[in-house]
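# Give the three-dimensional model of this entry:
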Amino acid sequence: MKPTIISVLTTCIVIVAFVIIALISRGKIPAKTRPGKAGGKGFAVVELFTSEGCSSCPPADQLMAKIQSESQEKPIYILAYHVDYWNRLGWTDVFSDHEYSTRQIQYGKWLNITSIYTPQVIVNGSFEFVGSDEPAIRSAIQRQLEKDPASYLKLDVQQSDKELKISYQAGIELKGNTLSLILVEKFAESKVKKGENAGRTLAHVQIVRKLQKESLSGSENGKAIMTLPPGLNNQNCEILGLIQSYKNGEVLAVAKADLKTLGADRKDSLSELNN
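Numbering: from 1, shown residues only. Predicted structure coming up:
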């Protein structure tokens, strides 16, 4: 009986499979192409959109605190934006800002999402999840850590009582991309008196306190000045810089700079939040 086309193709596939297995076992195929190997030096920017007026948000806040506590030595950067559209429903979130709601709306356009919601998490500007979906968020973080970054960003911050002088250096021409400088308060608590979370004391980590977008001339280097919000404890703050694609929001590079070194009490606060 003459062999059919299907039988010939099946035989070829089997032979190719054996050849690939043999090459991998002998190290002829580079390790980075082997399935399951983590060869990248990537990062994960995890942006949470949340509100103290939302009863489903505290579990997401707690998840962010848990991930933050576990990833002190890893390039995982958490940013919690408190949106303002919940404020009309009984409780005004002291950390909220309309600019953060605008950022979430922009992500809806970039990711072609029909509606925005809280709690919502965006990972590296490209993937969105319900903010309390721990398995999906952790999986996305791990995938991003295994990738090689598209570029790099370096920050140098000098501070005075009322402002920050920030110098930045990027490994990519900034024309066609956006640079956001973000002031983050690392930990805070709030007693909620009205709304869906009335009577609760809520703890937050990595709270965005100011979002400043820079006008870019195309150069890889530049300087910026950021005015500090009044009454902010600089010892509990840090600056993050993000370079994002203007077209689709993908985060291309990230950098972090502490204003001052925070004491050991931060770990204790995070531990209390997780319990």
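# where does this protein dip in pLDDT?
Within the chain, the stretches with pLDDT under 70 are 1-39, 216-219, 260-275.
# Quick one: the strands in it, in order.
44-50, 76-82, 120-123, 127-130, 153-159, 163-170, 177-191, 201-214, 221-227, 237-245, 251-258 (DSSP state E).
# for the fifth one, packing partners?
If I follow you right, that is strand 153-159. strand 163-170, strand 237-245, strand 251-258 (3 or more CB pairs under 8 Å, 6 or more residues apart in numbering; DSSP states H and E). The way it works is simple: take the backbone N, C-alpha and C, and place the C-beta from them, glycine included.
# now the angle between strand 44-50 and the longest one, please.
In this case it means strand 237-245. 110 degrees (axes from the mean of the first three to the mean of the last three CA atoms, to 10 degrees).
# could I get the helices and strands packed on strand 153-159 as a markdown table with distance to residue 58?
Output for these, formatted as a markdown table (distance: least, CB to CB, whole Å):
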| stretch | distance to residue 58 |
| --- | --- |
| strand 163-170 | 31 |
| strand 237-245 | 23 |
| strand 251-258 | 26 |
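# Among the ones you listed, single out whichever gets nearest to residue 81.
strand 237-245 (12.2 Å; CB to CB).
# out of the helices and strands packed on strand 153-159, nearest to residue 145?
strand 251-258 (12.3 Å).
# contact partners of the closest one?
Contact with strand 251-258 is made by 43, 45, 75, 77, 124-126, 149-157, 166, 168, 170-172, 177, 237-245, as judged by CB atoms under 8 Å, 6 or more residues apart in numbering.
# Listing partners with orientation, what would you give for it?
Strand 251-258 pairs in its sheet with strand 237-245 (antiparallel), by DSSP bridges.
# Determine which stretch of the helices and strands packed on strand 153-159 is the most buried.
strand 237-245 (a mean of 22; mean count of other CB atoms under 10 Å).
# All the helices of the stretch 1-150 of the chain, residue numbers only.
5-25, 58-70, 98-110, 134-145 (DSSP state H, counting those that start in this stretch).
# can you give me the angle the second one makes with strand 76-82?
The directions of helix 58-70 and strand 76-82 differ by 150 degrees, with the same axes, to 10 degrees as the criterion.
# Extract the CA atoms of helix 58-70 and return them as CSV.
Written as CSV, here are the backbone C-alpha positions of helix 58-70 (Å, rounded to 0.1, in the frame of the first residue of the first chain):
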residue,chain,number,x,y,z
PRO,A,58,-10.5,46.9,50.3
PRO,A,59,-9.6,43.3,49.2
ALA,A,60,-7.7,44.7,46.2
ASP,A,61,-5.9,47.2,48.5
GLN,A,62,-4.9,44.3,50.7
LEU,A,63,-3.7,42.3,47.8
MET,A,64,-1.5,45.2,46.7
ALA,A,65,-0.1,45.4,50.2
LYS,A,66,0.6,41.7,50.2
ILE,A,67,2.4,41.8,46.8
GLN,A,68,4.3,44.9,47.9
SER,A,69,5.5,43.3,51.1
GLU,A,70,6.6,40.1,49.3
